[in-house]
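In: Predicted model and sequence follow; I will ask about them next.
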Amino acid sequence: MRKVLLPTIIFIATILLVIRLFYLQVINDTFKLKSDNNAIKINYDYPERGYIYDRNGTLLVANQPSYDIMVIPKDIKKLDTVEFCSLLNITKEDFLKTIVKCKVYSPRLPSVFLPQLNKREYAAFQEKQRKFEGFYIQKRALRDYQVAFGANVFGFITQVNEKIIEGNKYYNSGDLIGRQGVEESYEEVLRGVKGVKYIQKDKYNRDIGSYKEGRYDTIAQQGKDINLSIDAELQKYGEELMINKRGGIVAIDPKSGEILALVTAPSYDPSILVGRQRSRNYTMLYHDSIAKPLYDRGLLAEYTPGSPFKILTGLVALQEGVIDEETSFVCHHGFSYARGRFMKCHDSGVSKLHNGFYNSCNTYFANVYMKTINKYVKPSDGVDIWSKHLKSFGLGQFMGYDLPTGRKGNLPTSKTYKKMYPGWGWDSKTIVSNAIGQGEVLMTPIQLANMIATVANRGYYYTPHIIKKIEGQKIDKKFTTKHVTTVNKKYFEPVISGLFDVYNLGTAHGLNVEGIDICGKTGTAENYAKINGKRVKLQDHSIFVAFAPKDNPKIAIAVFVENGYWGARWAGPITSLMIEKYVKKKITRKDLEKRMLEGSLQGEYNKYLPKKPEEDTLINVKVASKIKPEIKKDTTKKVIGN
């Protein structure tokens, strides 16, 4: 048996090898095509990227022609570099530097020598192209923005780098790829498929026709068009309201999870990242470490949520059965706890669930939180149960939306506090600041918006997403999958009743919109930063969450304004204007609109800047020294959260 086995293996292997060689050399000669590339020129036909529309069919992003000068270094003959550089308005040093770089990539393959010529530059070069052997024009399509807003939503187009080329065989030097926003998330949908033509060359390097009569040529396939869930008018309005302010606005359709507006401020006109000035403009935006216009605050900024978090404190307490609607606590402008510490409150008197919400009573929710944790013998068990409920609202995790960037926020568990307080005990009093959204809890604006959308739905949500429609295909089914919280539906009604009276009787009184029943919650969060190594108290952040109408809600929204004082000063008015704009399609409160559009917080932002800051004309903010937001929070702050 052993004598037969080895010859049999050798025989079978030989047969397989012969079959494979026959296939490669006779049937499939693509490997021969690659080996013959010295005698074959490859021409690519780049398709247009798919167009981008808003939810109502408004065109947002189209295409415009662009022309790259390509070079094959080995084909360069005698060249009048003075004329060449003069024609393209470049220096000889730039010419030599670029040629060296192209040779390093490949002396035989085409590289981009000068990208994104406009029509005038293209015409001038084309007229004299015959004088410059080794150089040719490659036509491409660049983005043509129909609007001056939504830069963080769209992202931008840039050339692929060597790392991308090595990791993805589709791309070659000079190819364009989407970065950030939907351009990155839906790159494979939007880019289409480039066509390829193989041209045979003779020994004199002259074209003599298609290789193998075009057998391997392919036709370019245009990218698919997409409709975003964004409402263009609402997005534009939100960005206008946030001029001269910093922060984020996220609006969601609670019934579908579709993102209606995703605003970050400051932002920039997306058209400045198109054309030959793209690199310079991107560098300027990238190095603005103060305003951070490339930093999407709606998705990336992790803030203490402040008083809107009381909504969750109340819901979890109801679910855990430690309170009901009639449970009451007496407030004396604050709450004393743990070795003489005092949590301030602007409220006083007897608070129950209903007026606890519309008066935003810190004392009430501090007691409610402690009862939730103290229900269990071990505070570690109580915190973990509390944390589990919150996780069902999408907190403390990446939410799975279809944008390429994001943060998890922070949702503390017993492990958090075991690390923070090693060697000695902690209890509900130690961590009571969590009750009012000022402890270790951190949330992004999109998490806040999703939280209030979940409340609007009475206990469920759909993963937020920015895609509404893709030409010829369905969207990911995860965006149509319902997520149900661990809090029973019946507990949402009394909470919503309290949120409704925030506008009628409470902290947002005066911000209601005639004809629209709005439920909301104001918030004020303490704000600390490290400046020159010292912990400095800055102006509080202004926060607001809301949904409308109360029954059959159409919009859920979170607004976060950095250094905006209390919730009803900036975030509240902006929220009510956004709701009115979306629901009524017009604004009736022109005085309030004027105050928000013209209002500025630049004075707050400039307080800690050098005396002679450099003006950034692109984003209309002053740029200078770095202010680094502080991450670690004091669990026993003295706060007023309304």
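Out: Sure, I can see it. Bear in mind that the values here come from a model prediction, so they are computed numbers and not experimental data. Numbers count the residues shown, from 1 in each chain.

In: which residues of the stretch 101-250 of the chain fall in helices?
Out: Chain-ordered helices for the stretch 101-250 of the chain, with DSSP state H, counting those that start in this stretch as the definition, fall at 119-128, 151-154, 162-167, 181-185, 187-190, 232-241.

In: The stretch 351-500 of the chain too?
Out: Taking DSSP H, counting those that start in this stretch as the criterion, the stretch 351-500 of the chain carries its helices at 353-358, 362-374, 379-391, 414-420, 445-456, 492-504.

In: closest to Ile467 out of these?
Out: The closest of the helices of the stretch 351-500 of the chain to Ile467 is helix 445-456. By Cβ to Cβ, the value is 15.1 Å. In short, each C-beta sits where N, CA and C put it, glycine included.

In: who does that closest one touch, helix- and strand-wise?
Out: Under the contact criterion of 3 or more Cβ pairs under 8 Å, 6 or more residues apart in numbering; DSSP states H and E, the helices and strands touching helix 445-456 comprise strand 247-253, helix 297-300, helix 310-320, strand 460-462, helix 492-504, strand 519-531, strand 534-548, strand 555-561.

In: so of the ones you listed, which one's packed in deepest?
Out: Ranked by average neighbour count under the criterion mean count of other Cβ atoms under 10 Å, the helices and strands packed on helix 445-456 are headed by strand 555-561 at a mean of 31.

In: just the CA coordinates of that strand, formatted as CSV?
Out: Included here for strand 555-561 are C-alpha records, laid out as CSV according to Å, rounded to 0.1, in the frame of the first residue of the first chain:
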residue,chain,number,x,y,z
ILE,A,555,-39.4,64.8,15.0
ALA,A,556,-37.1,64.2,18.0
ILE,A,557,-34.2,66.5,18.5
ALA,A,558,-31.2,67.2,20.7
VAL,A,559,-29.4,70.6,20.7
PHE,A,560,-26.1,71.1,22.5
VAL,A,561,-24.6,74.7,22.6
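
In: can you list the weak-confidence ranges in the protein?
Out: In the prediction, the chain carries residues with pLDDT under 70 at positions 1-6, 21-38, 203-206, 338-340, 610-642.

In: With distance to Leu109 added, can I get the helices and strands packed on helix 445-456 in a markdown table?
Out: Shown next, in a markdown table, are the helices and strands packed on helix 445-456 (distance: least, Cβ to Cβ, whole Å):
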| stretch | distance to Leu109 |
| --- | --- |
| strand 247-253 | 44 |
| helix 297-300 | 38 |
| helix 310-320 | 57 |
| strand 460-462 | 47 |
| helix 492-504 | 62 |
| strand 519-531 | 49 |
| strand 534-548 | 53 |
| strand 555-561 | 49 |
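
In: With respect to Ile42, which of those lies nearest?
Out: Nearest to Ile42 among those is helix 297-300; the distance by Cβ to Cβ comes to 39.6 Å.

In: For the closest one, enumerate the helices and strands it packs against.
Out: Applying 3+ Cβ pairs under 8 Å, 6+ apart, one finds that helix 297-300 contacts strand 247-253, strand 258-265, helix 445-456.

In: Contacts for the first one, please.
Out: With Cβ atoms under 8 Å, 6 or more residues apart in numbering as the test, strand 247-253 has contacts from 229, 234, 238, 241-242, 258-265, 296-299, 301, 445-446, 448-450, 453, 464, 541, 554-562, 564, 571, 574, 578, 582.

In: repeat for the second one
Out: Identification of contacts with strand 258-265 by Cβ under 8 Å, 6+ apart yields 55, 152-153, 229-231, 234-235, 238-239, 242-243, 245-253, 295-299, 401, 403, 446, 464-466, 468, 555, 557, 578, 582.

In: what do you get if the cut-off is 6 Å, keeping everything else the same?
Out: Residues from elsewhere that reach strand 258-265, judged by Cβ atoms under 6 Å, 6 or more residues apart in numbering: 152-153, 229, 231, 234-235, 238-239, 242, 245-253, 296-298, 464, 466.

In: one step back: identify whichever of the helices of the stretch 351-500 of the chain lies nearest to Glu320.
Out: When the helices of the stretch 351-500 of the chain are compared for distance to Glu320 using Cβ to Cβ, the nearest one is helix 362-374, at 5.4 Å.
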